[in-house]
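Enquirer: 3D, please:
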Amino acid sequence: MTETSLTPSIRPLSERDFVWFCDLNERCVPAVNSLSDERLAALLARAAWTGVAEVEGDPLAVLVAFTKGSSYESANYGWFNQQAEAFVYIDRVMVEPAGRRLGLGRKLYQELTSWAEAEGQPRLCCEVYEVPPNPRSLAFHKSLGFSELTSRINPLDGTRAAMLERRL
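Expert: As a prediction, the model looks like this:
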């Protein structure tokens, strides 16, 4: 595939994607945390928005997001739940190696932003690990207009993350 021949499409994550999603999650550790298939299924059941970027029928990237008040058990999500009245929380964005540098993450964020605006959500929120470091993700989010609210150590696992927000 050449970059000029690519026409990515975005669609909701479906049941047929589950095995791929679980495998991709494990291959993306430590940029995302490792979760069992059961915990990933529970995560997806609570998600407010999911998107898969596919090219020529192949899923190459995924984004999972939540809104305020979900029963999702995540310390970082919980921090945003305490700080903001309304938001869309981006829990995980993962891109296959073959899909990197093709603008798939940016396209997923554009689709999520359109959905969030239509839902009347005032901000997008996420965290990016600083320990272990993830400088590529931090640069990506800053290029999309996210700003850092604070740096926070997760009391459950000792990771440190930059807590980011983008107002819509």
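
Enquirer: helices along this protein, start to end?
Expert: Assigned by DSSP state H, the chain shows helices spanning 18-27, 37-46, 75-83, 104-118, 135-143.

Enquirer: how far does the third one sit from its chain's centre?
Expert: Right, the one you point to is helix 75-83. 15 Å (Cα atoms, centre = their mean, to the nearest Å).

Enquirer: ok, now how distant is the closest residue to residue 70 other than its chain neighbours from residue 84?
Expert: Closest residue to residue 70 apart from its sequence neighbours, by Cβ to Cβ, 6 or more residues apart in numbering: residue 46 at 5.1 Å. In this view, the C-beta of every residue, glycine as well, is placed from N, C-alpha and C. Between residue 46 and residue 84 the distance is 18 Å, computed by Cβ to Cβ, to the nearest Å.

Enquirer: next one: the residue nearest to residue 70 from residue 132, what distance?
Expert: In this view, residue 46 and residue 132 are 26 Å apart by Cβ to Cβ.

Enquirer: okay, residue 24 and residue 52: tell me how far apart.
Expert: The separation that residue 24 has from residue 52, given Cβ to Cβ, amounts to 10 Å.

Enquirer: any common contacting residues for the two?
Expert: Taking Cβ atoms under 8 Å, 6 or more residues apart in numbering as the contact rule, residue 24 and residue 52 both touch residue 62.

Enquirer: these two touch, right, residue 128 and residue 137?
Expert: Yes: applying Cβ atoms under 8 Å, one finds residue 128 in contact with residue 137, separated by 4.7 Å.

Enquirer: of these two, who's got more company?
Expert: Set residue 128 next to residue 137 and count neighbours by other Cβ atoms under 10 Å: residue 128 wins out with 23 against 19.

Enquirer: so in terms of bridging, what pairs with the more buried one?
Expert: On the basis of DSSP bridges, residue 128 is bridged to residue 162.

Enquirer: thank you kindly, that will do.
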